[in-house]
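S.K.: Any chance you could fold what I've pasted below:
(one chain, ligands or ions: 1)
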Amino acid sequence: NAAFNVATLRNDFPILKREVHGKPLVYLDNAATSQTPQQVIDVFSDYYSRYNANIHRGLHTLSDEATAAFEATRHRVKAFLNAEDARQIIFTRGTTEAINLVAQSWGRTQLAAGDEVLISMLEHHSNIVPWQLLAAEIGFTIKVIPVEANGALDLAAYRALLNERTKLVAVNHVSNALGTINPVKEMAALAHQQGALILVDGAQATPHQMVDVQDINADFYAFSGHKVYGPTGVGVLYGKKALLEAMPPWQGGGEMIKTVSFDVATTFAEIPHKFEAGTPAIAEVIALGSALDWMDSVGVDAISAWEAVLLNHATEEVSRIDGLRILGTAPNKAGVLSFVVDGAHSQDIGLLIDQLGVAIRTGHHCAQPLLHHFGVDATCRASFAAYNTLEEVDIFVAALNRVIGMVR
Ligand code: PMP
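M.R.: Model (predicted):
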C-alpha cells in the first residue's frame, strides 16, 4: 500500500523508540493495549495546562471550553461508529463498564427467570461474568454458542440455540484470544428474527476495521479507548435510542439528574447524561477524540490491509517452527496470532522473549473457557497494530526460534 507509510507513522509514537533489556522494543501486545501517538499524549498537557475544568457546569470560560471539547468527542465517536445520533454515545470507563451498564440497567429490568442469554465460547471474561452475576440473582439461563476447530463460531449451532426464550445475544465482534472475526451482521439479523437483542463487544474490532453500527444493526456496541490508540480509563457504549431512553439509570449521582428532591421523586436527565453519573474522565475522553482523528488520518481501511499483511507474514513464518500449533485459523481473522509450542511453556517463552526486547502476551487472555475448550491453560499471543513492521515480525520469529531452542 503506497499511501501507507509505516516508517513515517512510527514517528508519531515516542515509546517505539525505547529499548528493553538493551534491545529495540518490538511491541506485539496490541490486543492488550495499543500505544499512543504524540498527538494524543499532547491532549493531556494541553488540557491540564489550558482548560482543566469540570464540564456541563458552565458559566465560566474554562468549563465551557472543556465541555465543548468533551462533547465534540461524542460527535467524533458518533461518526466513527456511524451512529444515528450523538446522544446514543455514552462514555464509560471501557468495554467492561459498558457491558456491565447494559447488564445492570437493561438486563436487570428486562430479563426474568426462564429467559435465555446467548453468549459465545469466544467471549472475553468481561462479556461472561456480568451475565453470570446477574443470572445468579435473576435466574435466567446462559447458553453458549460453540466454536469449530478453527476457532470460527458454529453458526448452525447458533441458529439452533436461538428460540423464543432468547432475549439477548452478547458476542464479540473480534476475538481477543484467537482473532476470529464473527459475522455479527448476520448474527444480528438472526437474533432479531427471534425478537432478541444483540450486544456486540467491539473492543478488538474497532482498532482493526471500519465499524458501522447501523449496518450491523447492533442494539448495543461497546469499545475501549486504550485499544484504539487512545488512553485507558475511557470507553464507549452505543445503544439504540429507544432502548437507551427506556432504560433506567444504573449509577446515581451528579450530572445524571434533572431535579433532586427529598419530597417528590428525583427525575433524571435525558440520554446520554442519564448514564454518566459523576465527573467523567474528561481529558481521556478528549484524548479519545484525538486518537480517532489519528486513525482517520491514517485510514482505518489502510490499517486493516497492513495488519493483514503482517498477520499473513507472521503466520507463514511461525508455521515453519517444529511443534508450533496456531490456535484460531478461521479464514476471517484480525491482527492476532495465538499459538502453543510442544515442549515449551508459554510462560517461559514470554519471559525469555522479553529479554530479547519482544513484548507478547502469554496466559489465558481473559478467555479461560475458550482455552480450556482447546485443551490448554495458556497460549502465546502476538498481536499487531498499524505501526508494526515486517522487520519486527522477522525479529519476533527469530527471537521465538532462539527461545524455543533454549527451553526445549
Ligand atoms: N472484550 C474484548 C474482546 C477484549 O479484548 C477486552 C480487553 N482485553 C475487553 C472486552 C475488555 O476491555 P477493557 O478491559 O478495556 O474494559
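S.K.: give me the element whatever residue of the stretch 251-400 of the chain ends up closest to the ligand is part of.
M.R.: For the stretch 251-400 of the chain and the ligand, the shortest gap (CB to the nearest ligand atom) falls at residue 366, measuring 5.8 Å. For glycine as for every other residue, the C-beta is placed from the backbone atoms N, C-alpha and C. Using DSSP states H and E, residue 366 sits within no helix or strand.
S.K.: Might you enumerate the residues of this structure proximal to the ligand?
M.R.: 94-96, 124, 126, 172, 176, 201, 203-204, 224, 235, 366 (CB under 6 Å from any ligand atom).
S.K.: Which ones among those residues map onto helices?
M.R.: Members of the residues of the chain next to the ligand lying in helices (criterion: DSSP state H): 95, 96.
S.K.: Looking at the residues of the chain next to the ligand, which one is closest to residue 88?
M.R.: Nearest to residue 88, judged by CB to CB, of the residues of the chain next to the ligand is residue 235 at 14.7 Å.
S.K.: hang on, isn't the closest one packed against residue 98?
M.R.: Yes. Between residue 235 and residue 98 there is a contact under CB atoms under 8 Å: 5.5 Å.
S.K.: any shared contact partners between those two?
M.R.: Taking CB atoms under 8 Å, 6 or more residues apart in numbering as the criterion, residue 235 and residue 98 both touch 92, 222, 223.
S.K.: helix or strand for the closest residue to residue 118 other than its chain neighbours, which one?
M.R.: Excluding its sequence neighbours, the residue lying closest to residue 118 (CB to CB, 6 or more residues apart in numbering) is residue 169, at 4.6 Å. Element membership for residue 169 (DSSP H and E) is strand 166-172.
S.K.: which of the shared contacts of residue 235 and residue 98 tops the neighbour count?
M.R.: Within the shared contacts of residue 235 and residue 98, residue 222 tops the neighbour count with 32 neighbours, counted by other CB atoms under 10 Å.
S.K.: Are we agreed that that residue is in a strand?
M.R.: Yes. Checked against DSSP: H, G, I helix; E, B strand; the rest coil, residue 222 lies within a strand.
S.K.: returning to that earlier point: okay, the residue nearest to residue 118: pLDDT?
M.R.: pLDDT, residue 169: 98.
S.K.: what kind of secondary structure is the residue of the chain most remote from its centre in?
M.R.: Using CA atoms, centre = their mean, the residue of the chain lying farthest from its centre is residue 263. It sits 42.8 Å away. What three-state DSSP gives for residue 263 is coil.
S.K.: Now the most centrally placed residue in the chain: closest residue in space that isn't a chain neighbour?
M.R.: In the chain, the residue lying closest to the centroid (CA atoms, centre = their mean) is residue 203, at 1.1 Å. Residue nearest to residue 203 in three dimensions, not counting chain neighbours: residue 95, with 4.2 Å by CB to CB, 6+ apart.
S.K.: That neighbour reaches residue 232, doesn't it?
M.R.: No. Counting by CB under 8 Å, residue 95 does not reach residue 232; the two are 11.5 Å apart.
S.K.: Looking at the two now, which is surrounded by more residues?
M.R.: Legend: neighbour count by other CB under 10 Å for residue 95 and residue 232, higher for residue 95 (27 against 15).
S.K.: so who does that one touch?
M.R.: 126, 201, 202, 203, 222, 223, 224, 235.
S.K.: out of those residues, who's nearest residue 185?
M.R.: Of all these, the one sitting nearest residue 185 is residue 202; the distance, using CB to CB, is 12.7 Å.
S.K.: Torsion angles phi and psi at that closest one?
M.R.: phi -100, psi 20 (degrees, to the nearest 10).
S.K.: So residue 198 lies in a strand, does it not?
M.R.: Yes. The assignment for residue 198 (three-state DSSP) places it in a strand.
S.K.: Helices of the stretch 51-200 of the chain, start to end?
M.R.: 61-81, 95-101, 108-110, 129-138, 155-161, 184-193 (DSSP state H, counting those that start in this stretch).
S.K.: For the first one, name the packing helices and strands.
M.R.: So that's helix 61-81. If you count contacts as 3 or more CB pairs under 8 Å, 6 or more residues apart in numbering; DSSP states H and E, helix 61-81 packs onto strand 89-92, strand 235-239, helix 282-298.
S.K.: Put together CSV for these, with mean pLDDT on each row.
M.R.: Shown next, in CSV, are these (pLDDT from 0 to 100):
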stretch, mean pLDDT
strand 89-92, 98
strand 235-239, 98
helix 282-298, 98
